[in-house]
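*Asks:* turn this into a model:
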Amino acid sequence: DEQIQSFRQNGYLVVNDVLSKEELDRARQGMHATLLKYGVDHDNLLETGHNLKSLSSTNGAGGILDVFYPAWKMKMCENPKMLAIISQ
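*Replies:* All right, here's what the predicted structure looks like:
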């Protein structure tokens, strides 16, 4: 399947039209608010981006942020459309 191949090649999969613009806007605002609590301003990454390192258990080497379960993220994960996709 083309989607599986794309995921294996790129490490992510874009699925269009799963979430509404409003849902994506709320998630984006939530992510920005969460990062701001840790001193990362998405509008000023040149000066605050270094703070991302403190959110990573690998000091930024793995590219994974350790920001677990803020409300915006839970709403995204609990969304029925998202659950249907990640359950496949």
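*Asks:* specify the local secondary structure of the residue lying closest to Gly39 once chain neighbours are set aside.
*Replies:* The shortest distance from Gly39 to any residue that is not its chain neighbour, by CB to CB, 6 or more residues apart in numbering, is 4.0 Å, and that residue is Asn51. To be clear about C-beta, it is placed using only N, CA and C from the backbone, and glycine gets the same treatment. Of the three states, Asn51 takes helix under DSSP: H, G, I helix; E, B strand; the rest coil.
*Asks:* so Asn51 makes contact with Lys37?
*Replies:* No. With contact defined as CB atoms under 8 Å, Asn51 does not count as touching Lys37 (10.3 Å).
*Asks:* more neighbours: which of those two?
*Replies:* Higher neighbour count among Asn51 and Lys37: Asn51, with 15 against 9, using other CB atoms under 10 Å.
*Asks:* for this protein, what helix or strand is lowest in average pLDDT?
*Replies:* Taking mean pLDDT, DSSP states H and E as the measure, the chain has helix 71-78 as its least confident helix or strand, at a mean of 75.
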